[in-house]
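> any chance you can model this:
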Amino acid sequence: MAVLIPDTPKDCPHGERWVFDRFQRDLDDDWVVLHSLGLVEHERKLWGEIDFVVLSTKGIFVIEVKGGKVSCRNGVWIYANPGREPYTRKESPWAQASSAMFALRKHLKKVAPETEGLLFGYGVVMPHEIFSTEGPEIDTAVLLDRSEFGRNLRFYIGDLMRHWQAAHLKSHGRAQRLPTSEQIRKIRQLLRPDVESAFSLGSWFTGLERELLQLTNAQIKAARGVANNPRTVVSGRAGTGKTIIAIDRASRLAEAGNSVLYLCFNQLLSRHVNEALRGEPAANRIRVRHIHSLFRGVIDQARLGDQLREAHGNNIDLFGRIYPQIFVDAVLTAGVEPVDVLVIDEAQDVMTESNLDALDLLLRDGLRRGRWHMFLDPMQNIYGRDSEVAAARLREAGFASYELVENCRNTSQVASQTSIISGIDMVHDGTIDGPSCDCVFFRDIDDFRAKLDKEVSLLRAAGLDGKDMIILSTRKRDNSLLAGVEIIGGLPVIDLAMDNGAGKGIYYATMQAFKGLERRVVLAIDVDWIGDENFSMLHYAGLSRARGLLRPFIADSDRRRYEAQAVLYGERIGKRDLH
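Numbers count the residues shown, from 1 in each chain. The predicted model follows:
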């Protein structure tokens, strides 16, 4: 996948956007494509703009794109783009491309004399038109029209290289030099320096944080409407602010003099909630526990640990039935001090009858008459039919139900990319615009590590810190693509589960362990089995942890699976828009 700068096309005609997407998919990883490059030294205009400049190891090519209908009458060229008013020019597309190429070559020779002798050329692309007109100013050898647009565009760049090499050889008796990867990087810096993109990314994130914070506050205010109900279920998809509201609810209940037990399914999340509550006026009345650590403590106290060690079954059976049943036996043996209120985050992970039996013993007056508040994501239901039976039991107790429908955590780009890969659509209402979240495709493990190293280095150059990022994997580190790697982008890689969160490096965690948490930037690795329903929920839960930037790293061998998911997502969006 070529590097496109900017990485998202802004306010351009459909034809250019189509070519933009194809360049991104088809061209080599070490090539750079500049879109809408302005020229202040154009020979014929005070200001000129080039549609695309392709910096490749096959040459430097100016590409003029003409979408829609192209025709010429009495020496005047007429261009009709879909959805836009037709316009006329005296110059042909070939003349426009030629003059822009000479202006670009002149500029580069001035600022970097060593570029003299490199192969320059131009091309004309008409993705919507089959162009068969002939004439003295029409060079069909550099034209790519609709009849050939289905080919990989790398072949087109190869055609341009051969054409312009032959032309130079015929005119000057010598072939031009082809750019090296190092020269491509240098020319790219001269034409579009990193200073601009680095500054904009850092400042962009600062703005994103402000907007997301405002949305979060609005969600908290809306959630306070459930304060008059002793039992509530608050549902919402990833990013709708459930954990923030749950923490706020626990604080207010404790301030009112209640003993509160805050339970969650995730060890790292329980640590995060503890840190968030530190310093709150009534924090001493709130116990935050990872539910299975709580269960295990009581089980060990009752000397029933052997039953747990001897238990057999998959994780769903273990956590949904066996663990809570042994806990219930342990409570009957050792006893447990009930609390006034239960606040349960990630409640979808405890929605079985056996878990409800266990929760009933933890709450003063039990689930039927006691005070409890559950926060859940219906899209992460792992228990299926068992969950429905548990929900029916809760309805017998009576509760007020609320749904969060605005995404107050993710940018729209994060939400879209997560929806594509996971196949589970995130909430887009309330999202704000952010940087592009394109995938990084890699050939092999060495290519992956080089690209991850480069990505982290670029993010650091853009003003982001190690604490702003997290590397999330579907696997434990020893079995991941980073097995044995200690440094990435100049930062030590630190396992979040083995650290208190105060280390100076970039953290690594599994997607399972990071549920309920978030970071500005998520670098997602080991993203395989794309489109497999057995992995969709894991991808959904993991990728949605990104607030501002999600960068999935995907093997080339999985590219077709990803593209198929993207097509399905587009179809779902289209159907939703129709309704």
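
> report the rounded mean pLDDT for stretch 80-87.
Averaging pLDDT along stretch 80-87 yields 67.

> make 20 the starting number, not 1.
New numbering, starting at 20: the last item is stretch 99-106.

> dihedrals phi and psi, F460?
For F460, the backbone dihedrals are phi -100, psi 140 (criterion: degrees, to the nearest 10).

> swap that for F533, sorry
phi -100, psi 10.

> in this structure it contacts T493, no?
No: counting by Cβ atoms under 8 Å, F533 stays clear of T493, with 11.2 Å between them. C-beta here means a position set from N, CA and C on the backbone, and glycine is covered the same way.

> which one of the two has more residues nearby?
Between F533 and T493, counted using other Cβ atoms under 10 Å, F533 has the larger neighbour count: 25 against 19.

> what pLDDT does G522 get?
66.

> now stretch 376-393: average pLDDT?
On average, the pLDDT along stretch 376-393 is 93.

> span of it from start to end?
By Cα to Cα, to the nearest Å, the extent of stretch 376-393 from end to end equals 15 Å.

> can you give me the distance of E68 to L123?
11 Å (Cβ to Cβ, to the nearest Å).

> ok, these two, which is more surrounded?
In terms of neighbours (other Cβ under 10 Å), L123 is the more surrounded of E68 and L123; the figures are 25 against 12.

> surely the more buried one is in contact with V81?
Yes: using Cβ under 8 Å, L123 is in contact with V81, at 6.1 Å.

> where do the helices of the stretch 320-469 of the chain begin and end?
Taking DSSP state H, counting those that start in this stretch as the criterion, the stretch 320-469 of the chain carries its helices at 324-328, 334-336, 342-353, 372-381, 385-388, 404-416, 431-441, 464-480.

> typo on my end, it should be the stretch 170-319 of the chain
Secondary structure of the stretch 170-319 of the chain (DSSP H, counting those that start in this stretch): helices at 172-191, 200-210, 213-242, 261-274, 286-296, 310-320.

> looking at these, which has the lowest confidence?
helix 213-242 (a mean of 50).

> on that earlier part again, okay, and the common contacts of F533 and T493?
G561 (Cβ atoms under 8 Å, 6 or more residues apart in numbering).

> among the helices of the stretch 320-469 of the chain, which comes closest to M556?
With Cβ to Cβ as the criterion, M556 lies closest to helix 431-441 of the helices of the stretch 320-469 of the chain, at 7.4 Å.

> wait, isn't L375 in contact with L413?
Yes: using Cβ under 8 Å, L375 makes contact with L413 at a distance of 7.3 Å.

> and for the two, which residues touch both?
Residues touching both L375 and L413 (Cβ under 8 Å, 6+ apart): L386.

> what do L123 and V81 both touch?
Taking Cβ under 8 Å, 6+ apart as the contact rule, L123 and V81 both touch I69, V72, F139.

> the closest residue in space to R306 that isn't next to it in sequence: what's it in contact with?
Once flanking residues are discounted, R306 sits nearest to L280: 5.2 Å by Cβ to Cβ, 6 or more residues apart in numbering. For L280, the contact set (Cβ under 8 Å, 6+ apart) comprises I305, R306, R308, V358, V360, L361, V362, L381, L382.

> in strands, which of those fall?
I305, R306, R308, V360, L361, V362 (DSSP state E).

> please list the outside residues in contact with stretch 39-51.
20-24, 28, 31, 52, 54, 71, 73-76, 168, 171-173, 176, 200, 203-204, 207, 457, 460, 470.

> let me see the ranges of the helices in the stretch 20-169 of the chain.
33-45, 112-130.

> now for this protein, the helix or strand with the poorest mean pLDDT.
helix 213-242 (a mean of 50; mean pLDDT, DSSP states H and E).

> outline the domain layout of this protein.
Listed domain ranges for the chain are 22-210, 246-423, 431-597 (source: automatic domain parsing).

> may I have the phi/psi pair for G258?
G258 adopts backbone torsions of phi 90, psi 0, taken as degrees, to the nearest 10.

> hmm, I was thinking of D448
Backbone torsions of D448, given as degrees, to the nearest 10, read phi -60, psi 130.

> next, count neighbours for it.
D448 has 10 nearby residues by other Cβ under 10 Å.

> my read: it touches L423, true?
No: in this structure, D448 is not within contact of L423 by Cβ under 8 Å, at 10.2 Å.

> shared neighbours of the two, anything?
With Cβ under 8 Å, 6+ apart, D448 and L423 have no common neighbours.

> that older thread, give the bridge partners for the residue nearest to R306, please.
R306, L361 (DSSP bridges).

> how near is it to S563?
Taking Cβ to Cβ, one finds L280 at 27 Å from S563.

> repeat that for G482.
Here G482 is placed at a distance of 24 Å from S563 (Cβ to Cβ).

> those two: which is more packed in?
S563 (30 against 14).

> ok, and the closest non-adjacent residue to A186?
Among residues not flanking A186 along the chain, G140 sits closest, at 7.9 Å (Cβ to Cβ, 6+ apart).

> what sits opposite the one you found in the beta ladder?
F80.

> local confidence estimate at it?
95.

> show me where pLDDT drops low in the stretch 370-519 of the chain?
The stretch 370-519 of the chain contains residues with pLDDT under 70 at 519.

> what about 90?
397-410, 415-416, 419-430, 445-455, 480-487, 515-519 (pLDDT under 90).

> so where do the strands sit in the stretch 420-569 of the chain?
459-461, 488-492, 506-507, 510-514, 525-529, 538-544, 565-574 (DSSP state E, counting those that start in this stretch).

> note down every partner strand of the second one and its orientation.
If I follow you right, that is strand 488-492. Checking strand 488-492 against DSSP bridges gives partners strand 525-529 (parallel), strand 538-544 (parallel).

> right, so of those strands, which gets closest to R256?
Across the strands paired with strand 488-492, closest to R256 is strand 538-544 (Cβ to Cβ), at 16.9 Å.

> just want the angle from that closest one to strand 565-574.
With axes from the mean of the first three to the mean of the last three Cα atoms, to 10 degrees defining the directions, strand 538-544 sits at 10 degrees from strand 565-574.

> what are the contacting residues of strand 538-544?
Applying Cβ under 8 Å, 6+ apart, the set of residues contacting strand 538-544 is 224, 228, 467, 471, 474-475, 478, 483, 487-492, 499-501, 530, 561-562, 564-572.

> do stretch 302-321 as well
269-270, 273, 276-286, 288-289, 292-293, 296, 299, 324, 326-327, 338, 342-343, 345-346, 348-350, 352-353, 355, 358, 369, 377.
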